[in-house]
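1. here is the input, now give the coordinates:
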Amino acid sequence: MAPQKTVQAPDEKPVSLAALAYQKLHADITSGQLAPGQKLLVADLNERYGIGLSPLRDALNRLCADGLAVKREQKGFFVAALDEAAFLEITNARLVMEEAALRLSIANGDTAWEESVVLAFYRLAKVASGGGTFMLTPEWSAAHQDFHTVLWAACENEWLLGFCNKLFEQTTRYRARRRLLFADSPLHRENVVQGHKDIMEACIARDADLAGDLLVNHYKDSFEFVMGIECKLLDNPRRLVPLPGAVSDKAKAKTVGTV
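-> Presented below is the predicted three-dimensional model:
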């Protein structure tokens with residue numbers, strides 16, 4: 001088999017076409033530009049990205065392994081659907097993993113870590129100051145990810161960091177759904193920024209209990225906003241339990257529909 005071609009920008013390491021295809025598909029799936037359940041025709045993707053069929057198939061198989069795409073026998077590739085049960089499992093895993101990582105960061109983090117948390121929030125708030133539909137911009141996605149990544153950064157446990165990063169990535173498509181539903185709501189935008197500010201202030205105050213509670217409720221809100229289902233938060237371990245037939249107050253202003 002011939003080696004895969006590579007592309008290279010000035011002063012950058014070469015990237016294989018399969019890796020480039022993966023990056024582009026990953027970005028379009030997680031941002032919602034390729035919709036949940038959408039069929040991924042290789043010929044269409046070739047036209048969209050200008051990348052050959054073989055690298056695209058390699059990228060699609062990798063996305064299947066990541067859970068972002070599915071391959072159906074004799075039907076081809078599809079963007080993975082947004083699934084309530086899967087989102088609940090991912091969210092409950094985040095409650096356990098990320099609260100633990102945050103508590104360790106608060107215990108271990110030095111002044112430089114505190115400063116990085118403040119700076120990450122400053123950047124997030126600055127993007128938000130643009131008004132309008134800032135939540136739909138790549139700048140918001142990057143600032144939001146940076147903020148949460150910094151929260152775990154001082155946990156001093158590489159395995160825990162890896163799990164947190166993986167779980168964050170798996171919820172990206174669901175957060176994109178939330179942004180699409182509520183980006184035009186000034187009150188929602190204001191509440192999102194304030195929620196991150198509260199977490200930041202609890203971190204620099206070294207109040208691990210408050211920071212943990214705020215983070216957990218932040219994820220509870222996200223689940224309820226996206227799925228439109230009210231949940232009860234249980235402890236030992238922290239977990240969400242949907243209340244049958246209960247529509248979340250947060251979602252009543254919007255028609256969430258099937259996701």
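2. let me see the contact set for residue 62.
-> For residue 62, the contact set (CB atoms under 8 Å, 6 or more residues apart in numbering) comprises 18, 22. Using the backbone N, CA and C atoms, a C-beta is placed for each residue, glycine as well.
3. got the buried residues for the strand or helix carrying residue 103?
-> Assessed by DSSP states H and E, residue 103 sits inside helix 84-108. Buried residues in helix 84-108, defined by neighbour count with 16 or more other CB atoms under 10 Å: 84, 87-88, 90-95, 97-106.
4. tell me the mean pLDDT over it?
-> If you average the pLDDT over helix 84-108, you get 96.
5. tell me which residues are up against it.
-> With CB under 8 Å, 6+ apart as the test, helix 84-108 has contacts from 113, 148, 151-157, 160-161, 163-164, 167-168, 170-171, 174, 203, 206-208, 211-212, 215-216, 219-220, 222-223, 226-227, 229, 237-240, 242, 259.
6. assign residue 155 to helix, strand or coil.
-> Classification of residue 155 using DSSP: H, G, I helix; E, B strand; the rest coil returns coil.
7. just give the nearest non-adjacent residue to it, would you?
-> residue 104 (3.8 Å; CB to CB, 6 or more residues apart in numbering).
8. can I assume residue 230 sits in a strand?
-> Yes - using three-state DSSP, the assignment for residue 230 is a strand.
9. so it sits against residue 245, correct?
-> No - taking contacts as CB atoms under 8 Å, residue 230 lies outside contact range of residue 245: 9.1 Å.
10. those two: who's more crowded?
-> residue 230 (18 against 7; other CB atoms under 10 Å).
11. so which bits of stretch 211-230 are buried?
-> For stretch 211-230, a neighbour-count test (16+ other CB under 10 Å) marks 211-216, 218-230 as buried.
12. okay, and which of those residues map to strands?
-> Among these, the ones falling in strands (DSSP state E) are 229-230.
13. hang on, the earlier thing: type out the ChimeraX command that picks the buried ones from the contacts of helix 84-108.
-> The ChimeraX command for the buried members of the contacts of helix 84-108 (criterion: 16+ other CB under 10 Å) is given here:
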select :113,148,151,152,153,154,155,160,161,163,164,167,168,170,171,174,203,208,211,212,215,216,219,220,222,223,226,227,229,238,239,240,242,259
